[in-house]
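>>> Please work out how this folds:
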Amino acid sequence: MSLNRREFVQIMGMAAAAGMLPGCDRKSSGTAGVTTKAKAPNDVYDVPKYGNVTLMHFTDCHAQLLPIYFREPNVNLGVGPAKGQPPHLVGEKLLQHFGIKPNTLEAHAFTYLNYVEAAKTYGKVGGFAHLRTLIKRLRADHGPNRTLLMDGGDTWQGSGTAYWTRGKDMVGATNLLGVDVMTGHWEFTYLDKEVISNVKDFKGDFVCQNVFVSDDASFDYKFADFPGFDENSQRAFKPYTIKEMNGVRVAVVGQAFPYTPIANPSRFIPDWTFGIRDSEMQAVIDDLRETEKPDVVVVISHNGMDVDLKMASIVSGIDVIFGGHTHDGVPAPSIVKNKGGQTLVTNAGSNGKFLGVMQLDVRNGKVQGFDYKLLPVFSNLLEPDVEMTSYIEQVRKPYLGKLTEELAVAEGVLYRRGNFNGTFDQIICDALREVGGAQISLSPGFRWGTTVLPGDKITMDNVMDQTCITYPETYVREMSGQTIKDILEDVADNLFNTDPYYQQGGDMVRVGGLDYTIDPRKTMGTRITDMRMDDGEKIEADKIYTVAGWATVGSKAPGKPIWEIVAEYLRDEKVARVKKLNTPKIVGMEGNPGIA
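Modelled structure (predicted):
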């Protein structure tokens with residue numbers, strides 16, 4: 001049974017007194033051996049002051065302006081050196097690693113355990129009106145001149161209103177939220193002229209050290225008058241910005257998603273090149289350390305956590321990497337040693353569900369210690385900010401009729417996040433097969449997409465949360481069994497390559513009407529075996545099958561947008577049920593703490 005706000009706050013107050021809430025009896029170790037121990041707070045968001053600089057960070061909100069449900073994964077496999085290391089921990093193993101008590105608000109925030117029951121008790125998470133309340137409170141408590149708000153990207157995409165306004169609704173929301181600095185990924189899936197327009201309207205600094213104008217385009221660059229473009233370096237955007245905070249100089253360097261033109265259509269941004277660019281990052285760090293004399297150097301990154309961990313081991317001179325892209329809610333930073341000392345690496349989840357709060361003790365021109373908390377944003381615990389609420393109502397109003405259409409009722413919990421098929425992914429795959437008359441369906445392993453609880457109505461808003469991209473067109477085409485296997489192998493190598501620099505984002509492609517066995521430990525071309533149709537018929541390499549899918553990265557597909565296909569299917573079904581979850585048989589992962 002759900003609780004009203006007053007009852008919920010009363011229960012949380014009792015839990016805080018018992019030391020069961022985030023920040024209670026938890027330790028954070030400083031970079032110079034400093035250790036702090038937070039007292040049991042009066043409420044979840046009472047963050048005791050530490051040091052003299054407070055850096056706040058959220059990432060991968062995917063345009064979710066309203067509170068949502070979001071189930072954490074039960075499969076997040078690490079292979080090679082990443083096995084058993086954050087972020088590749090799920091469920092009870094994650095709780096044990098970070099010392100979080102089971103059956104608490106914090107356990108619910110960071111794991112899938114008892115998800116439906118806990119979600120009905122604790123309510124929704126995120127929402128920009130609630131997030132703004134929290135940020136304003138922290139700024140008031142810690143002092144506005146010593147706080148900085150950073151956005152790790154994937155902000156302008158992920159909802160119907162973001163799609164229809166070309167990201168403008170989110171630019172306005174982040175301006176109202178008070179974002180000081182951001183970088184990007186899905187931001188680059190709009191047309192280049194739309195990206196530039198949004199960057200111009202954004203009131204903070206948009207920084208990307210690893211985005212360059214191609215040699216061919218640089219001779220007559222169409223955005224040469226854009227303030228972020230540097231003709232000498234050919235960088236399309238500013239690589240970093242310097243912020244003065246309470247007498248402390250903080251340099252914030254941007255690292256956009258390095259594989260944007262591979263994972264997403266390059267036709268939208270034909271003049272820009274990306275990449276990890278370690279050497280350029282090191283050069284930027286070295287140069288600004290020498291010329292700008294910052295006391296602190298941080299990177300807001302959209303690499304993904306495994307890539308950030310490797311970069312931190314190679315590039316020296318970075319104090320903290322605030323990471324995104326992989327949607328991992330990691331309660332404490334990883335400390336990575338490098339030739340310059342060490343770097344803290346964080347990742348702050350997704351969908352507006354968390355706000356990372358890093359407090360630094362900066363003295364004598366360097367970081368002496370830190371305290372970090374990843375605060376879950378529970379809408380029941382935070383009054384919505386009136387001004388942000390009004391803004392959200394304003395930007396949604398023209399589309400409410402479409403967004404609030406009730407399409408079906410969820411029989412079970414519908415979610416996406418995880419290395420393999422989620423239940424909402426299966427609904428999408430089933431819709432593709434049913435509406436397209438295909439034998440097999442393929443759906444991208446996107447990590448964004450909100451959760452629907454059993455018995456709740458599925459609205460067009462929910463469908464747009466799962467499908468809303470700028471290349472949504474569907475297809476039905478013929479493929480050989482070998483081609484299907486090659487697709488699965490390619491994505492599996494992208495996900496399970498032991499070198500993080502070969503991981504290009506996303507989870508395993510979702511499938512409908514197809515089962516297979518996967519061994520993530522193996523090498524490219526050998527991970528996928530025993531491919532079979534739902535009826536048990538073996539997939540033959542030289543046989544032709546009809547396959548439905550969407551989100552083609554190359555040329556535009558010919559079919560309807562995916563949300564129209566899913567909506568049509570749900571209207572007919574009326575009750576959305578997963579008839580069969582086409583999740584693979586996973587071998588070789590026994591004892592891996594990334595699978596429950």
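>>> Now do whichever strand or helix holds Ile242: distance to the chain's middle.
Assigned by DSSP states H and E, Ile242 falls within strand 240-245. Centre-to-centre, strand 240-245 and its host chain are 25 Å apart (C-alpha atoms, centre = their mean, to the nearest Å).
>>> Give the other helices and strands that that strand contacts.
strand 147-151, strand 248-255, helix 278-291 (3 or more C-beta pairs under 8 Å, 6 or more residues apart in numbering; DSSP states H and E). (Each C-beta comes from the backbone N, C-alpha and C, glycine too.)
>>> Flag the shaky bits of this structure, pLDDT-wise.
For the chain, the stretches with pLDDT under 70 are 1-42.
>>> Domain map for it?
5-31+55-69+123-392, 404-586 (automatic domain parsing).
>>> Would you mind putting these into TSV with mean neighbour count alongside?
Shown next, in TSV, are the domains of the chain (neighbours: other C-beta atoms under 10 Å):
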stretch	mean neighbour count
domain 5-31+55-69+123-392	21
domain 404-586	19
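>>> Would you reformat those as TSV and include distance to Asn592?
Formatted as TSV, those follow (distance: least, C-beta to C-beta, whole Å):
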stretch	distance to Asn592
domain 5-31+55-69+123-392	15
domain 404-586	9
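>>> Mind checking those domains for the one nearest to Asn114?
Proximity to Asn114 (C-beta to C-beta) singles out domain 404-586 among the domains of the chain, at 11.4 Å.
>>> Just the endpoints, please. Distance across the closest one?
Domain 404-586 has its terminal residues 39 Å apart, counting by C-alpha to C-alpha, to the nearest Å.
>>> Name the residues that touch the strand holding Ile242?
For strand 240-245, contacts defined as C-beta atoms under 8 Å, 6 or more residues apart in numbering pick out 53, 145-148, 180-181, 205, 207, 209, 249-254, 284, 288, 292, 294.
>>> so how far is Glu92 from Ile595?
Distance from Ile595 to Glu92, counting by C-beta to C-beta, to the nearest Å: 12 Å.
>>> do Glu537 as well
Glu537 is 38 Å from Glu92, by C-beta to C-beta.
>>> wait, what's in contact with the closest residue to Arg363 other than its chain neighbours?
Nearest residue to Arg363, sequence neighbours excluded (C-beta to C-beta, 6 or more residues apart in numbering): Asn52, at 7.9 Å. Residues near Asn52 by C-beta under 8 Å, 6+ apart: 146, 246-248, 360-363.
>>> ok, Lys222 - contacts?
Here Lys222 is in contact with Asp271 (C-beta under 8 Å, 6+ apart).
>>> quick one on the thing from earlier: between Ile595 and Glu92, point out the one with more neighbours.
Ile595 (22 against 15; other C-beta atoms under 10 Å).
>>> Show me the beta-bridge partners of the more buried one.
With DSSP bridges as the criterion, Ile595 is bridged to Val75.
>>> I figured it hits Val79, correct?
No. Using C-beta atoms under 8 Å, Ile595 makes no contact with Val79, being 11.4 Å away.
>>> before we move on, back to that, tell me which strands the strand holding Ile242 pairs with, and in which orientation.
Partners of strand 240-245 in the sheet, by DSSP bridges, are strand 248-255 (antiparallel).
>>> could you dump the strand it pairs with to CSV, C-alpha only?
Extracted C-alpha coordinates of strand 248-255, given in CSV (Å, rounded to 0.1, in the frame of the first residue of the first chain):
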residue,chain,number,x,y,z
VAL,A,248,39.4,28.0,-5.2
ARG,A,249,40.1,27.7,-8.9
VAL,A,250,38.3,24.7,-10.4
ALA,A,251,38.9,23.5,-13.9
VAL,A,252,36.2,21.5,-15.5
VAL,A,253,37.2,19.6,-18.7
GLY,A,254,34.5,18.0,-20.9
GLN,A,255,34.7,14.5,-22.4
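>>> what are the C-alpha coordinates of the helix or strand following it, in CSV please?
Counting by DSSP H and E, the next helix or strand C-terminal to strand 248-255 is helix 260-263. Taking C-alpha atoms only, helix 260-263 is exported to CSV below (Å, rounded to 0.1, in the frame of the first residue of the first chain):
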residue,chain,number,x,y,z
THR,A,260,29.0,9.1,-31.1
PRO,A,261,29.3,8.8,-35.0
ILE,A,262,29.5,4.9,-34.6
ALA,A,263,26.8,4.3,-32.1
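>>> which residues of the stretch 1-150 of the chain fall in helices?
Assigned by DSSP state H, counting those that start in this stretch, the stretch 1-150 of the chain shows helices spanning 5-17, 91-98, 105-110, 115-122, 128-142.
>>> Out of these, flag the one nearest Thr59.
Using C-beta to C-beta, those put helix 128-142 closest to Thr59, at 12.3 Å.
>>> Which residues does the host helix or strand of Asp216 contact?
Assigned by DSSP H and E, Asp216 falls within helix 215-218. Residues outside helix 215-218 that contact it (C-beta under 8 Å, 6+ apart): 231, 234, 270-271.
>>> closest to Val491 out of the helices of the stretch 1-150 of the chain?
Once the helices of the stretch 1-150 of the chain are compared by C-beta to C-beta, helix 91-98 is nearest, at 24.4 Å.
>>> Show me what the closest one is packed against.
Applying 3+ C-beta pairs under 8 Å, 6+ apart, we find helix 91-98 packed against helix 105-110.
>>> Report all helices and strands that the helix it packs on contacts.
Contacts defined by 3+ C-beta pairs under 8 Å, 6+ apart place helix 105-110 against helix 91-98, helix 115-122, strand 366-376.
>>> same thing but 10 Å
Here helix 105-110 touches helix 5-17, helix 91-98, helix 115-122, strand 366-376, going by 3 or more C-beta pairs under 10 Å, 6 or more residues apart in numbering; DSSP states H and E.
>>> before we move on, back to that, just curious, which of the contacts of helix 215-218 is nearest to His57?
So of the contacts of helix 215-218, ranked by how close each gets to His57 (C-beta to C-beta), first place is Gln234, at 28.7 Å.
>>> was I right about the closest one contacting Tyr221?
Yes. The pair Gln234 and Tyr221 passes the contact test of C-beta atoms under 10 Å, sitting 8.6 Å apart.
>>> shared neighbours of the two, anything?
Applying C-beta atoms under 10 Å, 6 or more residues apart in numbering, one finds that Gln234 and Tyr221 are jointly contacted by 213-214.
>>> Quick check: Asn347 is in a helix.
No. Using DSSP: H, G, I helix; E, B strand; the rest coil, the assignment for Asn347 is strand, not a helix.
>>> residues contacting it?
Counting by C-beta under 10 Å, 6+ apart, Asn347 has contacts 57, 59-60, 86-87, 152, 301, 303-306, 308-309, 321-330, 333-334, 354, 356, 374.
>>> And for Ile562?
428, 431-432, 443-444, 463, 466-469, 471-474, 549-551.
>>> picking up where we left off before, quick one: the strand holding Ile242 to strand 147-151, angle?
Between strand 240-245 and strand 147-151, the angle comes out at 150 degrees (axes from the mean of the first three to the mean of the last three C-alpha atoms, to 10 degrees).
>>> what's the angle between strand 240-245 and helix 278-291?
Using the same axes, to 10 degrees: strand 240-245 against helix 278-291 is 40 degrees.
>>> Export only the CA atoms of strand 240-245, formatted as CSV.
What follows is strand 240-245 as a C-alpha-only set of coordinates in CSV (Å, rounded to 0.1, in the frame of the first residue of the first chain):
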residue,chain,number,x,y,z
TYR,A,240,37.2,23.3,-20.5
THR,A,241,36.1,26.1,-18.3
ILE,A,242,37.5,27.7,-15.1
LYS,A,243,35.3,28.4,-12.1
GLU,A,244,36.2,30.5,-9.1
MET,A,245,34.7,28.9,-6.0
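>>> Would you mind pulling the contact partners of stretch 527-540?
For stretch 527-540, contacts defined as C-beta under 10 Å, 6+ apart pick out 433, 439-440, 480-482, 484-493, 495-496, 511-522, 541, 543, 545, 579-580, 582, 584-585, 587-588.
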